[in-house]
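Engineer: structural data only, the sequence is not supplied:
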């Protein structure tokens with residue numbers, strides 16, 4: 001059976017090589033893995049620079065981007081005190097959930113899945129428990145990242161939905177671009193003439209052969225007909241779909257993006273404002289999760305951590321807020 005599989009595999013490989021030699025453009029390689037890695041890296045960079053943590057240099061070796069990367073890849077992490085060092089770690093659930101569906105006890109683990117220290121009691125709000133070395137604070141990336149003890153990372157959401165679908169769209173776009181190239185078709189009388197014409201075409205298109213000799217022997221004396229073939233493809237539709245996936249993903253990340261379906265001649269302010277409000281709510285949800293965790297960490301461990309929006313995103317929210325204030329001002333003036 002093993003020899004048969006090897007033989008069949010060799011025959012398929014030889015057939016593909018022969019096909020490629022007969023028509024170099026017939027086989028098109030699409031690096032799906034490369035596109036997937038590109039979009040995943042782009043999404044990670046975007047998500048890990050939305051918020052800026054301040055005070056991490058006091059007691060921890062993590063940078064703001066590293067901490068955000070842990071949240072992006074894992075959905076939620078825990079924070080506890082180990083001696084005088086503030087530790088951010090992954091965790092597993094212990095002893096189920098409390099009355100409100102919150103984690104009550106966890107076991108910190110390392111990145112390779114080994115346990116780290118002893119089990120910790122989760123502090124879900126200030127005043128629940130006195131300061132102790134057996135408590136931990138949970139930091140969620142977004143509201144609902146921990147659901148019934150199951151953690152759903154943002155990376156999984158984006159990779160399995162819009163990123164995966166966007167890669168497929170890139171593949172279709174590449175194939176349609178190739179098909180839309182103008183072609184010259186030669187109608188031949190027999191297979192020998194097809195091979196001869198293809199060989200001559202390769203020489204004519206090869207820049208390393210400035211002189212090409214064409215024979216007119218009896219074996220190819222038959223006349224053949226040339227005709228143009230153009231397959232027109234609307235590439236704009238694929239570009240619009242790709243932009244749509246970008247918009248959906250950036251909306252879930254809380255990052256503003258231009259709407260490709262906005263009117264070109266005029267913009268409907270109510271539609272654009274509604275889309276911006278949705279993005280701002282998502283962005284501020286993540287900020288509140290982090291701010292609440294900072295308050296808990298500072299209360300229990302005596303640190304001075306804080307978090308804020310990145311400069312790029314904070315400017316957008318401030319501008320949107322000022323725009324809303326000015327709009328309300330104009331409305332009040334009209335009412336007066």
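Structural biologist: Received the coordinates, thanks. Here the structure is a predicted model, which means the values were calculated and not measured.

Engineer: for the stretch 101-250 of the chain, which segments count as helices?
Structural biologist: Assigned by DSSP state H, counting those that start in this stretch, the stretch 101-250 of the chain shows helices spanning 154-158, 164-179, 191-205, 235-253.

Engineer: please identify the most buried of those helices.
Structural biologist: The highest average neighbour count among the helices of the stretch 101-250 of the chain, using mean count of other CB atoms under 10 Å, belongs to helix 154-158 at a mean of 19. For glycine as for every other residue, the C-beta is placed from the backbone atoms N, C-alpha and C.

Engineer: what helices or strands is that helix leaning on?
Structural biologist: When contacts are defined as 3 or more CB pairs under 8 Å, 6 or more residues apart in numbering; DSSP states H and E, helix 154-158 sits against helix 32-47, helix 64-74, helix 235-253.

Engineer: to residue 305, which of those helices lies closest?
Structural biologist: helix 64-74 (10.0 Å; CB to CB).

Engineer: sorry, back to before: could you dump the helices of the stretch 101-250 of the chain to JSON lines with distance to residue 36 and mean pLDDT?
Structural biologist: Below are these laid out as JSON lines (distance: least, CB to CB, whole Å; pLDDT from 0 to 100):
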{"stretch": "helix 154-158", "distance to residue 36": "11", "mean pLDDT": "96"}
{"stretch": "helix 164-179", "distance to residue 36": "5", "mean pLDDT": "87"}
{"stretch": "helix 191-205", "distance to residue 36": "33", "mean pLDDT": "77"}
{"stretch": "helix 235-253", "distance to residue 36": "13", "mean pLDDT": "90"}
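
Engineer: want to throw those into TSV with distance to residue 313?
Structural biologist: TSV is the format used below for these (distance: least, CB to CB, whole Å):
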stretch	distance to residue 313
helix 154-158	16
helix 164-179	22
helix 191-205	50
helix 235-253	10
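
Engineer: looking at the ones you listed, which is nearest to residue 100?
Structural biologist: Closest approach to residue 100 among the helices of the stretch 101-250 of the chain (CB to CB): helix 154-158, 23.0 Å.

Engineer: hmm, back to that, now the helices and strands packed on helix 154-158 as a markdown table including distance to residue 195?
Structural biologist: Putting the helices and strands packed on helix 154-158 into a markdown table (distance: least, CB to CB, whole Å) gives the following:
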| stretch | distance to residue 195 |
| --- | --- |
| helix 32-47 | 33 |
| helix 64-74 | 54 |
| helix 235-253 | 34 |
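
Engineer: quick one: closest of those to residue 304.
Structural biologist: helix 64-74 (14.9 Å).

Engineer: quick one: contacts for the residue nearest to residue 251 when sequence neighbours are not counted?
Structural biologist: Counting by CB to CB, 6 or more residues apart in numbering, residue 251 lies nearest to residue 279, which is 5.6 Å off, once chain neighbours are set aside. By CB atoms under 8 Å, 6 or more residues apart in numbering, the residues touching residue 279 are 250, 251, 254, 255, 256, 257.

Engineer: now do 6 Å
Structural biologist: Taking CB atoms under 6 Å, 6 or more residues apart in numbering, we find residue 279 in contact with 251, 254, 256.

Engineer: of these, just say which sits nearest to residue 101.
Structural biologist: Using CB to CB, those come closest to residue 101 at residue 254, 24.1 Å.

Engineer: the residue nearest to the closest one when sequence neighbours are not counted sits in which helix or strand?
Structural biologist: Once flanking residues are discounted, residue 254 sits nearest to residue 283: 3.0 Å by CB to CB, 6+ apart. For residue 283, the host element (DSSP states H and E) is helix 269-301.

Engineer: what's the angle from that helix to helix 32-47?
Structural biologist: 70 degrees (axes from the mean of the first three to the mean of the last three CA atoms, to 10 degrees).

Engineer: for the record, mean pLDDT for helix 269-301?
Structural biologist: Across helix 269-301, the average pLDDT comes to 86.

Engineer: partners of the following helix or strand past that helix, with directions?
Structural biologist: Downstream of helix 269-301, the first helix or strand assigned by DSSP H and E is strand 306-309. If you go by DSSP bridges, strand 306-309 pairs up with strand 51-54 (antiparallel).

Engineer: quick check: residue 308 touching residue 52?
Structural biologist: Yes. Using CB atoms under 6 Å, residue 308 is in contact with residue 52, at 5.5 Å.

Engineer: looking at those two, which is more packed in?
Structural biologist: A direct count of neighbours by other CB atoms under 10 Å for residue 308 and residue 52 places residue 52 higher, at 17 against 14.

Engineer: pull the contacting residues for that one.
Structural biologist: Contacts for residue 52 (CB under 6 Å, 6+ apart) come out as 64, 308, 310.

Engineer: any idea which of the residues you listed is closest to residue 292?
Structural biologist: Comparing the contacts of residue 52 against residue 292 with CB to CB places residue 308 closest, at 14.1 Å.
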